[in-house]
Structures are given as structure tokens and as C-alpha cells.
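Chemist: kindly generate the corresponding structure for this input.
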Amino acid sequence: MRNLLFTLALLAGNASAADWAMQPGSSLGFSASYQGEAFNGSFGKFVPTIRFDPAKLAESRFDVRIVLASADTKNSERDDLLKSGDFFDSKRQPEARYIASKFRALGGNRYAADGMLSLRGVSKPVVLTFTWTPGAKPVLDGTASLKRLDFGVGSGDWTDIDLLPNEVKVKTRLVLAPAPMKKP
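Modeler: Have a look, this model is predicted:
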């Protein structure tokens, strides 16, 4: 019996970071402004694959796939424009992807994920800062800033940053639960 407990303790100590699955109540949004008027939007379809354990940052990984045609700002004209070739070009580039495999502890329950965002065929580093609230259903609340023109989002007249500023804020809230075990 003692050997069994020792083996179980050893296996638990060598376990990798935990895998998490997104639950209802999760969101991925963005905010920007047009002619000085702020607006918010969200992506209705996104799939995060999360492996995270604050005690095992080196084994953690985020892989988030975002369906660009699911962008919704509650304004159909703006939503159609975002999906067009001038912005997301969602017919030719249907998804964006964020992958992070380097994490830093910032103190308390705050962390930074150093990742790469791929959007419109361009990949650039983007830092996601987030809080991790542990529990049976942990919550990840994160924010990032990016420059839309770095990714070719907004061409032609839309490159005018007086009309449409270059900076876009991204905000996510992931309600998580342990991911189902994968069968070998």
C-alpha cells in the first residue's frame, strides 16, 4: 500500500499543466473608435485550447482559433465592412489564431502570455495579460492591445488613423472546466 501511495504521489508530481475547456459565459471582444466614437464588438465563434497551471508555466500553452466572420458590433453596416477585404477579408482568411507558449508571473494571480497572433497572413507578437482565478471552474480575464495596421486591417481610406485609430483593445473572459481526457 505504501508503494502504491508513493507511486501515485510521484505521478501527481510529474503531471503536466492542466488542460481546460471553455464553458458558457466565456467571451472574446474588442473595442476601438471611429471618428472619436467608441464601439465594442465580440466574436461569437472562437475555440480556445488552454493548458495552464500557475505552478507549471513552462508547460502552459494557449491556442485560440477565432472565426472572423463571427465579428459582431451590433451594427450590420460596420459588421459587413469588418468582414470585407478592406478589414478581416474573412472569405479569404476565415480565421485568426493566437498561440502562446511562454508565460510570466506578474505577481498575485496576474500573468502574461507572450504569443503570436496570425491575422490576414501576418504574424506578430502580442502580449495577453490576464488574471487567473482558480477553482473548480477557473476564470481567465485577459486584455491585449494591438495595432490593426500591423496586420493589414483597414486598407485604402481606412489607413487614416485620425478617422480610425490604429490601436485596438482585445478583452477575453474564459470560464473553464477540466477538459475531458483524450483517448489514446
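Chemist: who's in contact with Ala179?
Modeler: By CB atoms under 8 Å, 6 or more residues apart in numbering, the residues touching Ala179 are Asp19, Trp20, Ala21, Ile50. The way it works is simple: take the backbone N, C-alpha and C, and place the C-beta from them, glycine included.
Chemist: mind listing the helices for the protein?
Modeler: Applying DSSP state H to the chain gives helices spanning 2-14, 76-83.
Chemist: among these, which gets the worst mean confidence?
Modeler: Out of these, helix 2-14 stands lowest, with a mean of 35 (criterion: mean pLDDT).
Chemist: PyMOL command for the buried members of the contacts of Ala179?
Modeler: Applied in PyMOL, the following selects the buried portion of these according to 16 or more other CB atoms under 10 Å:
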select buried, resi 19+20+50
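Chemist: so of the contacts of Ala179, which ones are in strands?
Modeler: Among the contacts of Ala179, the members found in strands (DSSP state E) are Asp19, Trp20, Ala21, Ile50.
Chemist: any low-confidence regions in this protein?
Modeler: Along the chain, the model assigns pLDDT under 70 to residues 1-16, 182-184.
Chemist: what do you get if the cut-off is 50, keeping everything else the same?
Modeler: Counting by pLDDT under 50, the chain has low-confidence residues at 1-15.
Chemist: and the residue nearest the centre of it, what are its bridge partners?
Modeler: The residue lying closest to the centre of the chain (CA atoms, centre = their mean) is Val64, at 5.5 Å. Counting by DSSP bridges, Val64 forms beta bridges with Pro48, Tyr98.
Chemist: and the gap between Ala177 and Ala21?
Modeler: According to CB to CB, to the nearest Å, Ala177 stands 6 Å off from Ala21.
Chemist: same check on Ile99?
Modeler: According to CB to CB, Ile99 stands 18 Å off from Ala21.
Chemist: what distance separates the opening and closing residues of stretch 54-67?
Modeler: With CA to CA, to the nearest Å as the measure, stretch 54-67 spans 28 Å from end to end.
Chemist: show me which positions of that stretch end up buried.
Modeler: For stretch 54-67, the neighbour count (16+ other CB under 10 Å) marks Ser60, Arg61, Phe62, Val64, Arg65, Ile66 as buried.
Chemist: show me the contacts for the second one.
Modeler: When you say that, I think you mean Arg61. Applying CB under 8 Å, 6+ apart, we find Arg61 in contact with Ala17, Thr49, Ile50, Arg51, Phe52, Ile99, Ala100, Ser101.
Chemist: alright, I will stop here.
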